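# one predicted model, sequence on top.
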Amino acid sequence: MPDSAVRLTDWLHRRTIPYWLRHGVDRNDGGFHEKLGPDRQPVSDTGKRVMVQARQLYVAADHTLLTGSKDAHDAADGALRFMRDHCRHPDGGWRFRVARDGGPQDDTRDLYAHAFVLFALAWHHRLDPNGGAAQDAVATLAFLDEHMTHPGGGYHEALDAAGQPANGMRRQNPHMHLFEAFLEWITISDDPVWRARADAMAALFEERFYVDGTLREFFADDLRPLDGDEGRLVEPGHHYEWSWLLRRYGLLIGESRHTVAANQLYRFAERYGIDPATGGVIDSVDCAGGIVQDSRRLWPQTEAIKAHAVSPTLRATDAAARLAAQVDSLFAHHLDGMPDGAWREHLDAGDALLVADLPASSLYHLAMTASELRRGNAPPS
């Protein structure tokens, strides 16, 4: 296993996830807590989002498959049980948020959240193929197709509590995570529906989200980029993430039709998205590369590492050095010196901490990155 994979896997699976299994599982009311506070103690006072339950289910499932941990397996089962018991909407789909004890709190049915439900169900199916996750996934997809399909392409952002499509701008981000979920199902199921949905998301990316060589974030109802600054905004982290997903898609289907786009996104992020002082990935730029926000969240660092890990030129000296440098930057600025279970979530340009809490949702990014490095694509670093 490459040194970078050993380093991140050890930090995550030996020091971090075990802490979260002790402190991040809600042993009174079920499921996972939303976050840990600055004191590394659990917080769920604003309720529990189904997206967080789903992401943490994945983290626990991945940890189980890697280590055989019974505690992690129990936590994954508990998360799915909590979701089924409390987060299902009586009219189909999944509630956005419930109270800590599972009582209804926000009956919005959010596309981004549904993407992660589908993703988590794929990972629970890996743990227990007879546990009903596949049936839940098919029902979730049927709900999206019947109630959330948008006539202008893709899906509505959300249905409100009354079941009506939410108005306002549309985003590429939830569709990206649907694409990710569909790819997970392709790897474990021979049902052609998952390949068809993945093909549709890849086509939507090429036709709508990919504009003049960049990935736009915010769109009007017809999926044209919004006018003004919002329509020109791009996030380097999402450039890396789509580049990684498109390459993974190509490997799964045995084609390379999106190679040009994957390369362009990767090159743009490398050129305009890196802070020269820290080597970290900044939060946002405009479509011409001008800096919009030079703060640095945790998650874009992980997406850059994943994109480096599947780069077709990775075994060239310069690409191998970029991956090693990105891992070094992640540790130096976000992970090193922190107590077990903790990291630095969001930093300003001077490395000052902007967010002191530890969102449970960030563990998904770290776990996916460690998993990608363990696939063996990366050279020693």
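Sure thing, it's come through.
# low pLDDT regions in the stretch 151-300 of the chain?
Judged by pLDDT under 70, the stretch 151-300 of the chain has no weakly predicted residues.
# quick one, strands of it?
With DSSP state E, counting those that start in this stretch as the criterion, the stretch 151-300 of the chain has strands at 158-159, 170-171, 210-211, 214-215, 218-219, 233-234, 284-286, 291-293, 296-297.
# show me what the fourth one is packed up against.
Packing contacts for strand 214-215, counted by 3 or more CB pairs under 8 Å, 6 or more residues apart in numbering; DSSP states H and E, involve helix 236-253, helix 259-272. (Each C-beta comes from the backbone N, C-alpha and C, glycine too.)
# same question for the last one.
Contacts defined by 3+ CB pairs under 8 Å, 6+ apart place strand 296-297 against strand 346-347.
# next helix or strand past the strand it packs on?
Once the chain leaves strand 346-347, the next helix or strand it forms, by DSSP states H and E, is strand 353-355.
# can you list the helices and strands that that next one packs against?
Under the contact rule (3+ CB pairs under 8 Å, 6+ apart), strand 353-355 is packed against strand 346-347.
# packing partners of the strand it packs on?
strand 296-297, strand 353-355.
# between the ones you listed, which one is nearest to L347?
strand 296-297 (5.0 Å; CB to CB).
# quickly run through the sheet partners of that closest one, with directions.
Paired neighbours of strand 296-297 in the sheet (DSSP bridges): strand 346-347 (antiparallel).
# contacting residues around the partner strand?
Surrounding strand 346-347, the residues in contact under the criterion CB atoms under 8 Å, 6 or more residues apart in numbering are G280, S295, R296, R297, L298, H333, H334, L353, L354, V355.
# before we move on, what about stretch 359-376?
For stretch 359-376, the surrounding residues in contact (CB under 8 Å, 6+ apart) are 1-2, 4-5, 8-9, 12-13, 16-17, 20, 24, 32-36, 51-52, 55-56, 58-59, 62-63, 244, 298-299, 302-303, 305-306, 309-310, 343, 345.
# now, of these, which are buried?
Buried residues within those, defined by neighbour count using 16 or more other CB atoms under 10 Å: 2, 4-5, 8-9, 12-13, 16-17, 20, 24, 32-36, 51-52, 55-56, 58-59, 62-63, 244, 298-299, 302-303, 305-306, 309-310, 343, 345.
# can you give me the first-to-last residue distance of stretch 39-57?
23 Å (CA to CA, to the nearest Å).
# out of the buried ones among the contacts of stretch 359-376, which sit inside strands?
Judged by DSSP state E, the subset of these located in strands is K35, L36.
# quick one on the thing from earlier: nearest to T108, of the helices and strands packed on strand 214-215?
That would be helix 236-253 among the helices and strands packed on strand 214-215, by CB to CB, at 23.0 Å.
# give me the angle between that closest one and helix 259-272.
Helix 236-253 runs at 150 degrees relative to helix 259-272, counting by axes from the mean of the first three to the mean of the last three CA atoms, to 10 degrees.
# Q56 reaches L36, doesn't it?
No - Q56 lies out of contact with L36 (CB atoms under 8 Å); the separation is 12.0 Å.
# helices or strands up against whichever helix or strand L141 is part of?
Using DSSP H and E, L141 sits within helix 133-143. The contact analysis (3+ CB pairs under 8 Å, 6+ apart) places helix 133-143 against helix 111-127, helix 192-204.
# mind redoing it with 6 Å?
helix 111-127 (3 or more CB pairs under 6 Å, 6 or more residues apart in numbering; DSSP states H and E).
# show me what the helix it packs on is packed up against.
Helix 111-127 packs on helix 50-67, helix 133-143, helix 173-188, going by 3+ CB pairs under 6 Å, 6+ apart.
# so the longest one versus helix 173-188, what angle?
Angle of helix 50-67 versus helix 173-188, following the same axes, to 10 degrees, is 30 degrees.
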